[in-house]
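[1] Just need the structure, nothing else, for what follows:
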Amino acid sequence: MRPQRALSAALFLGLVLPASAPISALAQHFNGDRAFDITKQFVAIGPRWAGSPGHAKAESFLRNEFKHDHLEEDTFTANTPIGPVPMHNFIVKFPGKKDGVIVLCTHYETNYPLKDTSFLGANDGGATTGLLIEIANELRPQMTGGKLDGYSVWLLFDDGEEAIANPPYSANQWSDSTAMWGTRHLAAKWSQDGTLQRIKAFLLADMIGDKDLDVLKESQSTPWLTALVAEAARNTGHAKYFFASEGAEEDDHLPFLKRGVPSIDIIDVNYGPHNAQTPDGWHHTPQDTMDKISAKSLTISGDVFLESIKLIDRR
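    Sure, this is the predicted structure:
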């Protein structure tokens, strides 16, 4: 009965899908509903700027999610414009059978200069934290003998991506001397201990829970990796959500890119209406709330990240 059922399913798929459909497109989709639920729980913590009670709760949330995994904490002190600030990067390691590492990254904290507002960062840090936690749920069942078949996959939840400066927030506060604390620290640390040489690709997720998903073709990103993510989007049937527009973004991929690591910023910068009230859309405003993101966008993003891992493994 089982072979017959499989054959019937194959015949059915052959009838309803074009012959050119990528094999990956037939696979079950990433669980965006579950990623959305994780995001909702995480964002419910409230503002989580470095040093706040919410930040401590966010750290505890991550520790609890990965208590049965290989979780490493990278604790350091950032010398910021407001003084020394303790920070914590979290690295969850899924070992692979191939020699090399794929890093998937998101920041998890909220903006310090917006600390006196109701800014929750549902899309900006929240959605991608939920995304990577659910990617971990997808990776665990793929391990055989305690390892993935391809490269090791490390999930990096970095601290201090946002600018740390005195309120109120303004865009010119964000620079490589006031932000990207976590990735600047970790890129330097991994350069010194030799880890950087093992990284095959660094994929940054930022603001890709947006209901109206429109992922930018980030022009500083490594060209072959941009082409690979575009291929992953095509393979999973999501090409229309990727790379319709192009531009440069200052983001957490730069400390790794500058040290020679193939890196890409997978980011949706066109978030919300741009008008006199919100010139940068909902980015860094109290309007960045759960109703602005969707499980569908997280499904799309998760599909493309998982397919990108498979394509990198085949290189």
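[2] Residue 154 against residue 96, yeah?
    No. The criterion here is C-beta atoms under 8 Å, and residue 154 misses it with residue 96 at 9.9 Å. For the C-beta atoms, the positions are set from N, CA and C on the backbone; glycine is no exception.
[3] contact partners of the helix or strand hosting residue 217?
    Per DSSP states H and E: residue 217 is located in strand 215-218. Residues outside strand 215-218 that contact it (C-beta atoms under 8 Å, 6 or more residues apart in numbering) are 208, 226, 241-249, 251, 253, 264-270.
[4] try 6 Å
    Residues from elsewhere that reach strand 215-218, judged by C-beta atoms under 6 Å, 6 or more residues apart in numbering: 241-243, 245-247, 249, 265-269.
[5] Select from those the one having the most neighbours.
    When neighbours are counted by other C-beta atoms under 10 Å, residue 266 leads those with 29 neighbours.
[6] got the contact list for it?
    Contacts of residue 266 (C-beta under 6 Å, 6+ apart): 205, 215.
[7] please redo it, this time with the cut-off set to 10 Å
    104-105, 128, 203-208, 215-218, 221, 225-226, 229, 233, 242, 251, 253, 301, 304-305, 308 (C-beta atoms under 10 Å, 6 or more residues apart in numbering).
[8] distance between the helix or strand hosting residue 55 and the chain's centre?
    Taking DSSP H and E as the definition, residue 55 sits inside helix 53-65. How far helix 53-65 lies from its chain's middle: 18 Å, per C-alpha atoms, centre = their mean, to the nearest Å.
[9] Tell me how many other residues surround the nearest residue to residue 111 once chain neighbours are set aside.
    With C-beta to C-beta, 6 or more residues apart in numbering as the criterion, residue 111 has its nearest non-adjacent residue at 4.3 Å, and that residue is residue 162. Residues near residue 162, counting by other C-beta under 10 Å, number 27.
[10] Also residue 273?
    Residue 273 has 11 neighbours, counted by other C-beta under 10 Å.
[11] Show the pLDDT at it.
    On the pLDDT scale, residue 273 is placed at 94.
[12] Residue 128 versus that one, what's the distance?
    Residue 273 is 22 Å from residue 128, where distance means C-beta to C-beta, to the nearest Å.
[13] the bottom helix or strand of the chain by mean pLDDT?
    Every helix and strand of the chain was ranked by mean pLDDT, DSSP states H and E. The lowest is helix 2-16, at a mean of 34.
[14] so where do the strands sit in the protein?
    Along the chain, counting by DSSP state E, strands occupy 70-80, 83-94, 101-107, 152-158, 199-206, 215-218, 242-247, 263-267.
[15] So which residue is smack in the middle of this protein?
    residue 205 (2.7 Å; C-alpha atoms, centre = their mean).
[16] shaky segments in the stretch 201-315 of the chain?
    Of all residues in the stretch 201-315 of the chain, none has pLDDT under 70.
[17] one step back: give the buried residues for the helix holding residue 55.
    Neighbour-count burial for helix 53-65 flags 54-55, 58-59, 61-62, 65 (criterion: 16 or more other C-beta atoms under 10 Å).
[18] same check, this time on stretch 302-315
    Buried positions in stretch 302-315, judged by neighbour count with 16+ other C-beta under 10 Å: 302-309, 311-313.
[19] Next step: the residues you listed restricted to helices.
    Among those, the members falling in helices (DSSP state H) are 302-309, 311-313.
[20] Would you mind giving those as JSON lines with distance to residue 77 added?
    Formatted as JSON lines, those follow (distance: C-beta to C-beta, whole Å):
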{"residue": "302", "distance to residue 77": "34"}
{"residue": "303", "distance to residue 77": "38"}
{"residue": "304", "distance to residue 77": "36"}
{"residue": "305", "distance to residue 77": "31"}
{"residue": "306", "distance to residue 77": "35"}
{"residue": "307", "distance to residue 77": "38"}
{"residue": "308", "distance to residue 77": "34"}
{"residue": "309", "distance to residue 77": "33"}
{"residue": "311", "distance to residue 77": "38"}
{"residue": "312", "distance to residue 77": "34"}
{"residue": "313", "distance to residue 77": "37"}
